[in-house]
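In: from the sequence below, what's the structure:
(chains A, B and C)
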Amino acid sequence: MPELPEVETTRRGLAPLIEGQALRQFAVHQPMLRWPVSIPNELPGHVVQRLRRRGKYLLFDFEHGSLIVHLGMSGSLRFVERETPRLLHDHVELDFGGVHLVRLNDPRRFGCVLWQPGGGETHPLLASLGPEPLENEFSGQGLFEKARARKVAVKLFVMNSHIVVGVGNIYANEALFLAGVRPTRAAGRIPRGRFEDVARAIRMVLDDSIRVGGTTLRDFINPEGKPGYFRQSLRVYDRADQPCVRCGAGIESVVLGGRSTYYCPSCQPSRGFGPVSCKVLID
DNA sequence: CAACGGACCTGCCTGC
DNA sequence: TGCAGGCAGGTCCGTT
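Out: Numbering: from 1, shown residues only, chains lettered A, B, ... in the order given. Purely as a prediction, here's the structure:
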């Protein structure tokens, strides 16, 4: 479920409420998520210095380590009053004192809660992640260089967290539409200049989505329990057989790497490239 | 290495 | 109405 904009929306909602607060206690109601939940017993009493995001991971930074939280496909964090009855699939509870609690709800249990001692990003899940798409380290040039000789479809390439983090199925589809690139094209055969467009499109789509609180397809909610509104801005995702917003042709869909993939057959041609419809962002 | 498919798990929707 | 089957916002891991 959550891609980068949804995780960032969660972070922004939660950060001002818990940064500088000491964890009072925690509770684990379902110890088995993707991996066994791991929170040090001695963590209560320590202060959350910062709530950070790395890709789709949320990092609760303490002075001696970080609690790594991933929301998987179906997870959400909520900031609720402590008397609020627990919902089905509320697996982990973080108590910072006061009248509120942070609860992790994750029906499919693809998420995780893990402890990483020390500073930095030494945990194996974090150690080899690619650049942040909204930071300056991310560029079309970088994509181009990593794509040399790779035959993998460009959509799977940009969804690979070792290439760039945070681009999930929805935004990969949307970004390639804006860049005029057919998702099935081999990454290694995209020219440098077109990768600049792809990078720009990724930034724009993520940025625009964060601005409206992310995309709620069915169940994403922010820490206050509210949905995001980017769904109405989706141009191709989940629009099979509907008219392209740009040219009116029917949106087509195929399966790539087991994931539904949507594109306009005319704006994202199978040979060559289509028009670029993302504006230039100047930072 | 790179590429591919399976695996993890629950819930919702469709069609018979 | 009931049930089987397919699909869902992620990503690791094993096998070729």
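In: which bits of the stretch 51-200 of chain A sit near DNA strand C?
Out: A:55-57, A:70, A:72-73, A:108, A:110, A:124-125, A:161, A:168-170 (Cβ under 7 Å from any atom of the strand). Quick note: C-beta positions are derived from backbone N, CA and C, even for glycine.
In: from the residues you listed, which two are the most distant?
Out: Spatially, the most separated pair among these is A:124 and A:170, at 26.7 Å (Cβ to Cβ).
In: how far off centre is stretch A:158-165?
Out: What separates the centre of stretch A:158-165 from the centre of its chain is 11 Å, taken as Cα atoms, centre = their mean, to the nearest Å.
In: ditto for stretch A:25-32
Out: When distances are taken as Cα atoms, centre = their mean, stretch A:25-32 is centred 24 Å away from the chain's centroid.
In: now stretch A:145-162
Out: How far stretch A:145-162 lies from its chain's middle: 18 Å, per Cα atoms, centre = their mean.
In: enumerate the positions of that stretch that are buried.
Out: When burial is assessed from 16 or more other Cβ atoms under 10 Å, stretch A:145-162 yields the following buried residues: A:146-147, A:150, A:152-161.
In: check those one by one and keep those near DNA strand B.
Out: Restricting the buried residues of stretch A:145-162 to those within reach of DNA strand B (Cβ under 7 Å from any atom of the strand) leaves A:150, A:152-153, A:156.
In: for residue A:114, state which of these is nearest.
Out: Within those, distances to residue A:114 taken as Cβ to Cβ reach their minimum at residue A:156, with 26.0 Å.
In: quick one, helices of chain A?
Out: Ranges of helices in chain A, per DSSP state H, are A:4-18, A:124-127, A:140-146, A:154-158, A:169-179, A:192-211.
In: output those in JSON lines; the columns should cover mean pLDDT.
Out: Conversion of these to JSON lines gives the following (pLDDT from 0 to 100):
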{"stretch": "helix A:4-18", "mean pLDDT": "96"}
{"stretch": "helix A:124-127", "mean pLDDT": "95"}
{"stretch": "helix A:140-146", "mean pLDDT": "97"}
{"stretch": "helix A:154-158", "mean pLDDT": "98"}
{"stretch": "helix A:169-179", "mean pLDDT": "97"}
{"stretch": "helix A:192-211", "mean pLDDT": "97"}
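In: quick revisit: now the ones next to DNA strand B among the buried residues of stretch A:145-162 in JSON lines, with distance to residue A:66?
Out: Written out in JSON lines, the entries for those read as follows (distance: Cβ to Cβ, whole Å):
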{"residue": "A:150", "distance to residue A:66": "32"}
{"residue": "A:152", "distance to residue A:66": "31"}
{"residue": "A:153", "distance to residue A:66": "34"}
{"residue": "A:156", "distance to residue A:66": "29"}
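In: quick check: residue A:122 vs residue A:66, distance?
Out: Between residue A:122 and residue A:66 the distance, using Cβ to Cβ, to the nearest Å, works out to 10 Å.
In: more crowded one of these two?
Out: With other Cβ atoms under 10 Å as the criterion, residue A:122 and residue A:66 differ in neighbour count, and residue A:66 comes out ahead with 28 against 12.
In: show me the contacts for that one.
Out: Shown in contact with residue A:66 (Cβ atoms under 8 Å, 6 or more residues apart in numbering): A:52, A:59-60, A:115-116, A:119.
In: greatest separation within the residues you listed: which pair is it?
Out: Farthest-apart pair in the contacts of residue A:66 is A:52 and A:115; separation 14.9 Å (Cβ to Cβ).
In: and the pLDDT for residue A:83?
Out: Confidence at residue A:83, expressed as pLDDT, is 93.
In: on that earlier part again, closest one of the ones next to DNA strand B among the buried residues of stretch A:145-162 to residue A:185?
Out: residue A:153 (6.8 Å).
In: please enumerate the strands of the stretch 151-283 of chain A.
Out: In order along the chain, the stretch 151-283 of chain A carries the following strands (DSSP state E, counting those that start in this stretch): A:252-256, A:259-263.
In: show me the one of these that comes nearest residue A:178.
Out: Residue A:178 lies closest, by Cβ to Cβ, to one member of these: strand A:259-263, at 11.3 Å.
In: so is that closest one next to DNA strand B?
Out: No - interface with DNA strand B: strand A:259-263 contributes nothing (Cβ under 7 Å from any atom of the strand), its closest point being 9.3 Å away.
In: for residue A:177, which non-adjacent residue is closest in space?
Out: On the basis of Cβ to Cβ, 6 or more residues apart in numbering, the spatially nearest residue to residue A:177 that is not a chain neighbour turns out to be residue A:236, at 4.7 Å.
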